[in-house]
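1. Need a 3D model of the following:
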Amino acid sequence: MHPSSGPNVPVNNFKSLARILTKVENELPESDNILKNLTPKHTPVIGVTGPPGAGKSTLVNQLINTLSKENKRIAILAIDPSSPFNMGALLGDRIRMAEQFNKPNVFIRSLATRGSLGGVSAKTIQMTDVLKSADFDYIFIETVGVGQSEIEIVGVADITIVVLVPEAGDEIQSIKSGLMEIADIFAINKADRDGADLFANTIQKLVHQKSKRIPVIKTIAERSEGISALLEAIKSQPYSENKRKLPLLFEKAWKLIQDKRMSDIDKKKLQQAITEASKQIDFNLYRFIEKF
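-> Residues are numbered from 1 along each chain as shown. Okay, here's the model as predicted:
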């Protein structure tokens with residue numbers, strides 16, 4: 001039984017939900033009150049991460065297609081690289097997930113990384129909590145593909161899927177030391193390519209060295225192959241018993257406090273100030289920061 005929805009979060013009205021997320025993302029006056037009155041439900045949050053070109057978006061697309069046929073209500077937070085000019089999302093999901101936009105049970109939202117190298121900003125945490133207070137069965141967060149620094153996804157996801165491709169075989173050491181540590185499920189995508197079986201077996205051997213059992217699922221997302229097995233692995237994960245909850249709650253609090261402390265820094269004013277200051281012959285970035 002879920003606790004009742006917070007007073008500010010609509011259960012069925014996606015337009016109202018989108019407006020609330022915009023208020024939170026842009027830190028409008030009402031946003032603080034919205035966040036303080038949230039009543040998050042126990043909705044599983046599934047993080048999908050991995051190197052660029054691994055096929056994360058196609059995989060998420062196929063998972064949504066399958067879940068929507070089961071009449072599940074799904075929210076997707078697609079984290080896009082920020083534009084270096086206006087800090088806004090490049091809205092890649094508009095292309096990647098075009099087929100999902102007309103589905104009445106699927107809600108999609110873009111979010112810029114806003115300079116967070118790990119693909120997860122304070123706004124990701126806040127917007128995920130808003131989505132958890134609405135009436136969804138699953139929440140997916142697809143992060144920017146930037147490799148090892150994506151370990152921050154564990155701060156918001158109950159279940160983390162690391163998507164890899166056979167070509168990553170040459171980088172197995174970096175996988176072992178980085179993404180290997182955060183995976184609850186490995187999806188070896190594009191498994192019809194040369195070396196896929198060998199690569200999957202290598203990952204499986206590394207997984208067996210871990211204390212917890214981590215499924216390794218081979219998929220070919222473009223042909224919908226392996227999607228049922230991946231979905232079964234997701235559903236079988238004991239997300240409510242995640243032993244990382246307390247340390248992750250601390251990390252979330254730390255990031256939100258950092259964000260709050262920086263809230264009086266106006267990025268446009270900073271940009272204008274540094275444009276003027278950089279024209280000086282003796283410009284020094286560190287002296288500029290100290291004065292700013």
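2. residue ranges for the helices of the protein, please.
-> Using DSSP state H, the helices of the chain run over 14-25, 31-36, 56-69, 93-96, 122-132, 172-177, 196-208, 227-235, 245-261, 267-277, 285-291.
3. next one: phi and psi at residue 72?
-> phi -80, psi 150 (degrees, to the nearest 10).
4. In contact with it, which residues are there?
-> Taking CB atoms under 8 Å, 6 or more residues apart in numbering as the criterion, residue 72 is in contact with 105, 137-138. Every residue, glycine included, has its C-beta placed from N, CA and C.
5. now, which of those sits nearest residue 188?
-> When those are compared for distance to residue 188 (CB to CB), residue 138 wins out at 21.9 Å.
6. From residue 108, how far off is the closest residue to the closest one other than its chain neighbours?
-> Nearest non-adjacent residue to residue 138, counting by CB to CB, 6 or more residues apart in numbering: residue 74, 5.1 Å away. Distance, residue 74 to residue 108, by CB to CB, to the nearest Å: 9 Å.
7. what number of residues lie near residue 186?
-> Residues within reach of residue 186, counting by other CB atoms under 10 Å, total 26.
8. For the nearest residue to it once chain neighbours are set aside, give me its contacts.
-> Spatial nearest neighbour of residue 186, chain neighbours left out: residue 216 (4.5 Å); criterion: CB to CB, 6+ apart. Applying CB under 8 Å, 6+ apart, we find residue 216 in contact with 186, 188, 200, 203-204, 207.
9. Make JSON lines from these and add distance to residue 49 and pLDDT to it.
-> Formatted as JSON lines, the contacts of residue 216 follow (distance: CB to CB, whole Å; pLDDT from 0 to 100):
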{"residue": "186", "distance to residue 49": "11", "pLDDT": "93"}
{"residue": "188", "distance to residue 49": "14", "pLDDT": "94"}
{"residue": "200", "distance to residue 49": "18", "pLDDT": "89"}
{"residue": "203", "distance to residue 49": "15", "pLDDT": "86"}
{"residue": "204", "distance to residue 49": "19", "pLDDT": "86"}
{"residue": "207", "distance to residue 49": "17", "pLDDT": "79"}
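10. buried subset of those residues?
-> Those of those that meet the buried threshold are 186, 188, 200, 203, 207, by 16 or more other CB atoms under 10 Å.
11. for the third one, what are its contacts?
-> Neighbouring residues of residue 200 by CB under 8 Å, 6+ apart: 188, 191, 216, 218.
12. Go ahead and confirm residue 50 touches residue 167.
-> No: judged on CB atoms under 8 Å, residue 50 makes no contact with residue 167 at a distance of 12.0 Å.
13. The two: which has the busier surroundings?
-> Set side by side, residue 50 and residue 167 show more neighbours around residue 50, with 28 against 16, by other CB under 10 Å.
14. separation between the more buried one and residue 162?
-> From residue 50 to residue 162 the distance is 5 Å (CB to CB).
15. just residue 59 next, same as before
-> Relative to residue 162, and taking CB to CB, residue 59 is found at 11 Å.
16. Need the overlap of contacts for those two.
-> residue 187.
17. and those two? which has more neighbours close in?
-> Neighbours of residue 59 and residue 162, each counted by other CB under 10 Å, are more numerous for residue 162; the result is 27 against 24.
18. Return the distance of that one relative to residue 49.
-> Counting by CB to CB, the gap from residue 162 to residue 49 is 6 Å.
19. on that earlier part again, and which of the buried ones among the contacts of residue 216 is nearest residue 276?
-> Among the buried ones among the contacts of residue 216, and counting by CB to CB, the member closest to residue 276 is residue 186, at 49.9 Å.
20. show me the contacts for the closest one.
-> So residue 186 contacts 161-162, 164, 203, 207, 214-217 (CB under 8 Å, 6+ apart).
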